[in-house]
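# sequence plus the predicted model coming up.
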Amino acid sequence: MVITGKGVAPGAAVGSIYIYNEKYSRPAESFVPAGKEQSQLDRYLTVKKEALDELEEVRLSMQKVDPGKAEIFNAHKEIVDDIIINEEIPARILNERWAGDWAIYQVYETVLGVLKKTPDPLISERAADFDDVRSLLLRLWYGRKKEELSALTQPVIIAAEELMPSDVASMDKEKVLAILLEAGGATSHTTIIAKSYGIPTIMGIQGLLGSVKHGQLAAVNADEGTVILDPKDDVVSEYIKKSEIFNKDKQETKTFLDTEGCTNCGVKIDIGLNINSVNNEELDASEYTDSVGVFRTEFIFMNRDTLPTEEEQFLIYKIALERYGERPVILRTLDIGGDKSLTSMELPREDNPFLGNRALRFCFSRPDIFKTQIRAALRASYYGNLWLMLPMVSSLEDIRKAKQIITCTKAELDKEKKPLKDFKTGIMIEIPSIALIAELAANEVDFASIGSNDLCQYLCAADRMNSAVEPYYQSFHPAMFRLIKETITAFNSAGKPISICGELGADPAAIPLLIGLGLRKISMGAASVAAAKRAIASVTVEKAEEIARNVLGLSTAQEIEKYLAL
Ligand code: PEP
Ligand code: MG
């Protein structure tokens, strides 16, 4: 039997299935005898404390892998401590003699019901977090140990409905041959972490848990998104060979990390780093990258009770600028809204948040927040080579308005005699309306970076978070490359730096094409750098230009993907 999904991290593997399921079903409705209420409540309080300790432990281990996502576990800790829940559970136990597990289940169920009913996807998504916290509390209540993906005794293929980033972060990578999931999307946290570990991963396998059994033999091809269950001996041998080739290739790729980004004919390609924070785990990649290609500063605004002050932001930006010295640090101004929310302030509900008051638009509506960030960034300019980048620009008016605010802020700082250095101002190209007038935009700014993640969502009219329209979100759509080509040409002609910092730039299959379209600066997460340098070293500019010419002659995403895979 063959089951299929979408391969999101490449590779092949053969091994036995390990079904991982941390969800706890509804306990029986039960009550404790009179006089036992207090001991039941004490037990709940112990479980709550254990949950907070476990979440902190996971948060710390996650911090090493992905500091931005580590914040999720702070959010989970806040749920454990939620005031209403912690009034309600003790009240049910003490006043109505509910058993602890029933109280936990039912009180969370009520909250979940309310959250799930709200039409705002940002709020309804929080339901998944509450559900996870409830499962954690119930597991601890029953005294069960975490199904330890960190303590697997033999190599396995994990099959699950969904994995939490904490599951992936804590798993013993050496023992996980592949990951198969029913849910998930190509940009989910789990995928990003699995990708960084180099574990072959397939998501969106419908009915997965109904199709596989614990211990069942499976052959996984994540490049094609297929899983063969109970493979015959010849298929097993074929997949063992495939996985050996994949692992050898992974080792070879690692050797490219310390090399320069340079084509086979000696043309330098600047390698930028995408960061969400200034933790050492992220900034250690400064040793083998030429710049910060995008610092997604919104992550320092997220999952905290108050907005970061000017001083706090200044100290953070200063760390990145000092670390990179004379090399550019592209600091992107606040890109909040869409899929990114703030806990420190409630944003008004919008029917289409990705088309709404997001990023620069939000900053224009809150000049106090925007100016505070610009003041902090310009003050930090003194410590390195600052390039300030504006997200979600849709018109020249946007650019002019933002530049005016930046100029005024700089004048203010000059008046205060704050030491500043020269800095550049640039834009993200992620809305088709600005890409189509790139030559006009190039006259107004110092540089630009192509945000292919959003560019694709707006060009193809397909929500990047919605797995139902995933087939319409085509990063390899011919329109993408026509638009990217025009954008690159416009900036190259104006003599202004142009780069890419969306996921397309991290894809080794797309890199020769992007070079062929004229790009000489590419930015990506640390985990993608070695493979990108390898892809760059594998082509000459002449060959890359031939690839670009051929791709521009193709008519569908499918044709282009097939051609680039050759
Ligand atoms: C992009 O849109 O490609 C991008 C880099 O920005 P983000 O993914 O943060 O929206
Ligand atoms: Mg974007």
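Received, thanks. Ligands and ions are numbered 1, 2, ... in the order given.

# when you work out contacts or count neighbours from here on, use the C-alpha atoms and nothing else.
Noted.

# helices of the stretch 301-450 of the chain, start to end?
310-324, 359-365, 367-380, 396-415, 432-435, 438-444 (DSSP state H, counting those that start in this stretch).

# adding mean neighbour count and mean pLDDT, write these out as TSV.
As requested, the helices of the stretch 301-450 of the chain are arranged in TSV below (neighbours: other C-alpha atoms under 10 Å; pLDDT from 0 to 100):
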stretch	mean neighbour count	mean pLDDT
helix 310-324	20	97
helix 359-365	19	96
helix 367-380	20	98
helix 396-415	15	98
helix 432-435	20	98
helix 438-444	20	98
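
# mind listing what's buried along stretch 79-87?
I79, V80, I85, N86 (16 or more other C-alpha atoms under 10 Å).

# the host helix or strand of the third one - contacts with which helices or strands?
Going back to what we said before, that points to I85. In this structure, I85 sits in helix 83-96 according to DSSP states H and E. If you count contacts as 3 or more C-alpha pairs under 8 Å, 6 or more residues apart in numbering; DSSP states H and E, helix 83-96 packs onto helix 37-65, helix 100-117.

# what's the closest of the ones you listed to I179?
helix 37-65 (17.9 Å; C-alpha to C-alpha).

# show me the contacts for G505.
I511, L514, I522, S523, M524 (C-alpha atoms under 8 Å, 6 or more residues apart in numbering).

# and the residue nearest to I316 when sequence neighbours are not counted, how far from ligand 1?
Spatial nearest neighbour of I316, excluding adjacent residues (C-alpha to C-alpha, 6 or more residues apart in numbering): V278 at 6.7 Å. As judged by C-alpha to the nearest ligand atom, to the nearest Å, V278 and ligand 1 stand 16 Å apart.

# look at V278 and say how many residues are nearby.
21 (other C-alpha atoms under 10 Å).

# what pLDDT does it get?
Predicted confidence (pLDDT) for V278: 92.

# where does it sit: helix, strand or coil?
When classified by DSSP: H, G, I helix; E, B strand; the rest coil, V278 comes out as coil.

# surely it touches A320?
Yes: using C-alpha atoms under 8 Å, V278 makes contact with A320 at a distance of 6.1 Å.

# re earlier: redo the contacts of G505 as TSV? Include neighbour count, distance to ligand 1 and pLDDT.
Converted to TSV, the contacts of G505 look like this (neighbours: other C-alpha atoms under 10 Å; distance: C-alpha to the nearest ligand atom, whole Å; pLDDT from 0 to 100):
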residue	neighbour count	distance to ligand 1	pLDDT
I511	23	15	97
L514	25	15	98
I522	29	11	98
S523	30	9	97
M524	25	9	93
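
# generate TSV for those residues, with secondary structure as supplementary columns.
TSV is the format used below for these (three-state DSSP):
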residue	secondary structure
I511	helix
L514	helix
I522	strand
S523	strand
M524	strand
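
# and those, which two are the farthest apart?
So, the contacts of G505 by C-alpha to C-alpha: farthest apart are L514 and M524, at 13.7 Å.

# hang on, the earlier thing: of the helices and strands packed on helix 83-96, which is nearest W387?
It is, among these and with distance given as C-alpha to C-alpha, helix 37-65, at 26.6 Å.

# and the next helix or strand after the closest one, what does it pack against?
Counting by DSSP H and E, the next helix or strand C-terminal to helix 37-65 is helix 67-80. Here helix 67-80 touches helix 37-65, helix 126-141, going by 3+ C-alpha pairs under 8 Å, 6+ apart.

# deepest-packed of those, please.
Comparing the helices and strands packed on helix 67-80 by mean neighbour count (mean count of other C-alpha atoms under 10 Å), helix 126-141 ranks first with a mean of 20.

# which strands and helices sit next to that one?
helix 37-65, helix 67-80, helix 100-117.

# and the contacts of it?
Contacts of helix 126-141 (C-alpha under 8 Å, 6+ apart): 22-24, 43-44, 47-48, 50-51, 76, 79-80, 101, 104-105, 108, 112, 115-116, 145-146.

# where's D446 relative to P497, distance?
Distance of D446 to P497, computed by C-alpha to C-alpha, to the nearest Å: 7 Å.

# out of the two, which sits in the busier spot?
Each of D446 and P497 has its neighbours counted (other C-alpha under 10 Å); D446 has more, 21 against 18.

# tell me how many other residues surround the residue of the stretch 351-500 of the chain found nearest ligand 1.
In the stretch 351-500 of the chain, the residue that lies nearest ligand 1 is G451 (3.0 Å; C-alpha to the nearest ligand atom). Residues lying near G451 (other C-alpha under 10 Å) number 23.

# what helices or strands is the helix or strand hosting K242 leaning on?
K242 is part of helix 233-254, with elements assigned from DSSP H and E. Judged by 3+ C-alpha pairs under 8 Å, 6+ apart, the packing partners of helix 233-254 are strand 12-20, strand 217-221, helix 529-537.

# for the following helix or strand past it, what is the average pLDDT?
Counting by DSSP H and E, the next helix or strand C-terminal to helix 233-254 is strand 270-275. Averaged across strand 270-275, the pLDDT comes to 96.

# what sits against the closest residue to ligand 1 within the stretch 251-400 of the chain?
Using C-alpha to the nearest ligand atom, R296 is the residue of the stretch 251-400 of the chain that sits closest to ligand 1, at 6.3 Å. Contact analysis of R296 by C-alpha under 8 Å, 6+ apart lists N274, I275, N276, S277, L331, R332, T333, L334, D335.

# beta partners for the first one?
With beta bridges defined as DSSP bridges, N274 has these partners: V294.

# how much space is there between it and M524?
From N274 over to M524 the distance is 5 Å, taken as C-alpha to C-alpha.

# picking that back up, nearest to ligand 1, of the helices and strands packed on helix 83-96?
Of the helices and strands packed on helix 83-96, nearest to ligand 1 by C-alpha to the nearest ligand atom is helix 37-65, at 18.3 Å.

# on contacts alone, who are the packing partners of the closest one?
helix 67-80, helix 83-96, helix 100-117, helix 126-141, helix 165-170.

# now mean pLDDT and distance to ligand 1 too, for these, in a markdown table please.
Listed next are the helices and strands packed on helix 37-65 as a markdown table, based on pLDDT from 0 to 100; distance: least, C-alpha to the nearest ligand atom, whole Å:
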| stretch | mean pLDDT | distance to ligand 1 |
| --- | --- | --- |
| helix 67-80 | 82 | 12 |
| helix 83-96 | 95 | 33 |
| helix 100-117 | 91 | 25 |
| helix 126-141 | 86 | 20 |
| helix 165-170 | 64 | 18 |
